[in-house]
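Colleague: Just a sequence and a predicted model for now, questions to come.
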Amino acid sequence: MGDRPAAGEHPETGATTSADGVGTGNPATDFSLALLTALVRTGVRDLVVSPGSRSQALALVAAELERSGSARLHVRIDERTGGFLALGLARESGAPAVVITTSGTATANLHPAVLEAHEAGIPLIVLTGDRPEELRGIRSNQTTHQDGLYAAAVRWSVDVQAPTGDPDDAERAAALAEAAVRAAVGADTADPGPVHLNIAFREPLSVTVPALPELESGALPGTADAAALERETLTIESGPRTVVVAGADAGAAAEEFAREAGLPLLAEVSSGARFGPNLVVSYRELLRDEDFGAAVERAVVFGHPTLSREVPALLIRPDVDVIVVAPTGAQAYNPGHRATIVGAVRAGDSIDVRSPEVRGWVGRWVFASRRLAELAEREADPAAVAPDLEKARSFDPADALDFAKAELAAVRAPITRALLAEAVWRYTWPHDRLVLGASRLIRDVDRIVPGKRIAVHANRGLAGIDGTIATATGIALASQRAAQAAGTPGGVTRVLLGDLALLHDAGSLLFGVGEPRPHLQVVVGNDGGGTIFDGLEVAATAPAESFDRVLYTPQTVDVAALARAYGWHHSVARTKGELDQALSAPPAGVSLLEVPLPR
């Protein structure tokens, strides 16, 4: 697309020598020095390494770059964990993270993170070590076909021939680094995402890396604007009854447009737009209501909606005009295959947000949603009945006793999914980060929590449960590092997920010696299996025994023992009081809060 280098090309871009001319005479080490120092000079700071022989030169140079203060190194023994850690670092910072692996199955373990980065438009640079041409296709150990392994999931892929020590190796490496960064951020295409450099190395695979000075990190190139995708700005005028839909990663632009145009805002919890006066929390229920959903004639969509069936059902209706705002990404959300795809929207001069028609339309949605939200709040916390303040002020001992009993009952109230969702949201502040796993709980959060301008992350590109803890670790490290640099409060990163998502990513609980541990609280709603399937049609048609065996997949893991094995602080909350205490003051470092839930 556009001027993107074709697979296999080595772009010519005014390269520089590696590390101010430092060389060792070993082709593998010198090429790695030139490549990684050029990446740092182009603005990359985070390097994630999984150990392996064929990639050892890259790994040792990464360690030297950390020692010199030029880059931040993160080491993970599991490549899948490393891939999602890099994804989290890039998701929070907006800058490409580099992930380095050896050959063979190591490269395949990155595929889930590469796919999520592809679908979510997250910049990622994958460097995989490989055998040289003469060792391919002969069943050499740990050798498979790695060239083009990630196929259409990467923005650019190059099979880099083994360096030979030729004088142009450093120039070639630097040119590859610059092109990789530009492709990852979508500098020319407005289509950010992962790139793959598959680098062959011949033995000897490394020598001692010379000491490096601290390198100056340059400014990353910016992402191209929507014009690179031939998408224009559309002016929305008054007329059809319109709603704004904000899916995952929609951003604050969705809320701003809804407010300026006087439109109801149907914002998912992972949208980054769940705030403002026009927010409609109970959008599911209202879209199913004939007086609301059936009245919609036009929808303006930001981001990637994934958390309800009601939204795609609205957008495929033939009587609804659909406008999708997609400033970046070659792909655009278009469930009805008939949406108008634009780069941006603006409110037209014909819209008067103070007019009775506009205020009446948005007001109907907002006030109806608030009434439904009050009912949902009572469901979330049945004990949260307004206290009888008259009894609190009374001098009658009986009244005082009744008030005390009511207070105690509220503290001892059992935890429901809705109560857990509401509590995690309530205790998250703007300087914190909230990461929502692809579990049943994210839908509970989306269904009930009110508007609040906080940073919420979720891997909704493919909505898989893969790598949730690793992604959150990357987000925590990046956000708390940025806060420290800015001299602002770092906050805590909370992860809300189910027990199967926790167990699927249990390896990400491992922090090796020397690896920094961020302020990270993992909150796991443990209902003993995949209760998300209980809400699907299959639950009513499949035999109960078969359903449990292959879908619900019950588990009885000792979560406390698992946490202890990896050196995490573990606690359990069984009542509302215990939950409030655990969320209000999470211990320093990494902690796991287990919340038993009924199926």
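Modeller: That came through fine.
Colleague: Phe275 and Ala455 touch, don't they?
Modeller: No - here Phe275 lies out of contact with Ala455, judged by Cβ atoms under 8 Å, at a distance of 11.6 Å. Quick note: C-beta positions are derived from backbone N, CA and C, even for glycine.
Colleague: residues of the helix ranked longest in the chain that come out buried?
Modeller: Longest helix in the chain, counting residues (DSSP state H): helix 356-380. Buried residues in helix 356-380, counted by 16 or more other Cβ atoms under 10 Å: 358, 361-362, 364-366, 368-369, 372-373, 376-377, 380.
Colleague: now the strands for the stretch 51-200 of the chain?
Modeller: Per DSSP state E, counting those that start in this stretch, the stretch 51-200 of the chain carries strands over the ranges 72-75, 97-101, 124-130, 156-160, 194-200.
Colleague: Of the ones you listed, which is nearest Asp580?
Modeller: Asp580 sits nearest to strand 72-75 of all the strands of the stretch 51-200 of the chain, at 33.5 Å, using Cβ to Cβ.
Colleague: Okay, now the unreliable bits of the chain?
Modeller: Counting by pLDDT under 70, the chain shows low-confidence ranges at 1-22, 378-389, 391-392, 399-411.
Colleague: try 80 this time
Modeller: 1-22, 376-412 (pLDDT under 80).
Colleague: Surely Arg72 and Val48 touch.
Modeller: No - assessed by Cβ under 8 Å, Arg72 is found out of contact with Val48, at 9.4 Å.
Colleague: Let me see the contact set for Thr473.
Modeller: 85, 88, 508, 518, 520 (Cβ atoms under 8 Å, 6 or more residues apart in numbering).
Colleague: Could you dump the buried residues of helix 356-380 into JSON lines with distance to Thr37 added?
Modeller: Shown next, in JSON lines, are the buried residues of helix 356-380 (distance: Cβ to Cβ, whole Å):
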{"residue": "Val358", "distance to Thr37": "56"}
{"residue": "Trp361", "distance to Thr37": "57"}
{"residue": "Val362", "distance to Thr37": "54"}
{"residue": "Arg364", "distance to Thr37": "60"}
{"residue": "Trp365", "distance to Thr37": "55"}
{"residue": "Val366", "distance to Thr37": "54"}
{"residue": "Ala368", "distance to Thr37": "59"}
{"residue": "Ser369", "distance to Thr37": "54"}
{"residue": "Leu372", "distance to Thr37": "57"}
{"residue": "Ala373", "distance to Thr37": "54"}
{"residue": "Ala376", "distance to Thr37": "54"}
{"residue": "Glu377", "distance to Thr37": "55"}
{"residue": "Ala380", "distance to Thr37": "53"}
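Colleague: Confirm that Val523 sits in a helix.
Modeller: No - under DSSP: H, G, I helix; E, B strand; the rest coil, Val523 falls outside any helix and is assigned strand.
Colleague: got the contact list for it?
Modeller: Val523 neighbours (Cβ under 8 Å, 6+ apart): 420, 424, 494-497, 583, 593, 595.
Colleague: Just the buried subset of those, please.
Modeller: Buried among the contacts of Val523 (16+ other Cβ under 10 Å): 420, 424, 494-497, 583, 593, 595.
Colleague: Could you work out the most separated pair of these?
Modeller: Farthest pair in the buried ones among the contacts of Val523, by Cβ to Cβ: Leu497 and Leu583, 14.9 Å.
Colleague: picking up where we left off before, between Arg72 and Val48, tell me which one has more neighbours.
Modeller: Val48 (30 against 18; other Cβ atoms under 10 Å).
Colleague: shouldn't the more buried one be in contact with Leu85?
Modeller: Yes - using Cβ under 8 Å, Val48 is in contact with Leu85, at 5.5 Å.
Colleague: which residues are common contacts for the two?
Modeller: Common neighbours of Val48 and Leu85 (Cβ under 8 Å, 6+ apart) are 74, 76, 99.
Colleague: among the residues you listed, who's most crowded?
Modeller: Going by other Cβ under 10 Å, Val99 tops those with 30 neighbours.
Colleague: Could you find the closest non-adjacent residue to Ala332?
Modeller: Counting by Cβ to Cβ, 6 or more residues apart in numbering, Ala326 is the residue found nearest to Ala332 once chain neighbours are left out, at 4.0 Å.
Colleague: The one you found and Arg309: what is the separation?
Modeller: 22 Å (Cβ to Cβ, to the nearest Å).
Colleague: same check, this time on Val48
Modeller: Applying Cβ to Cβ to Val48 and Arg309 gives a distance of 36 Å.
Colleague: quick revisit: run through who's touching the longest helix of the chain.
Modeller: Under Cβ under 8 Å, 6+ apart, the answer for helix 356-380 is 238, 241, 243, 262-264, 277-283, 285-286, 289, 292, 351-353, 384, 416, 418-419, 421-422, 447-448, 450.
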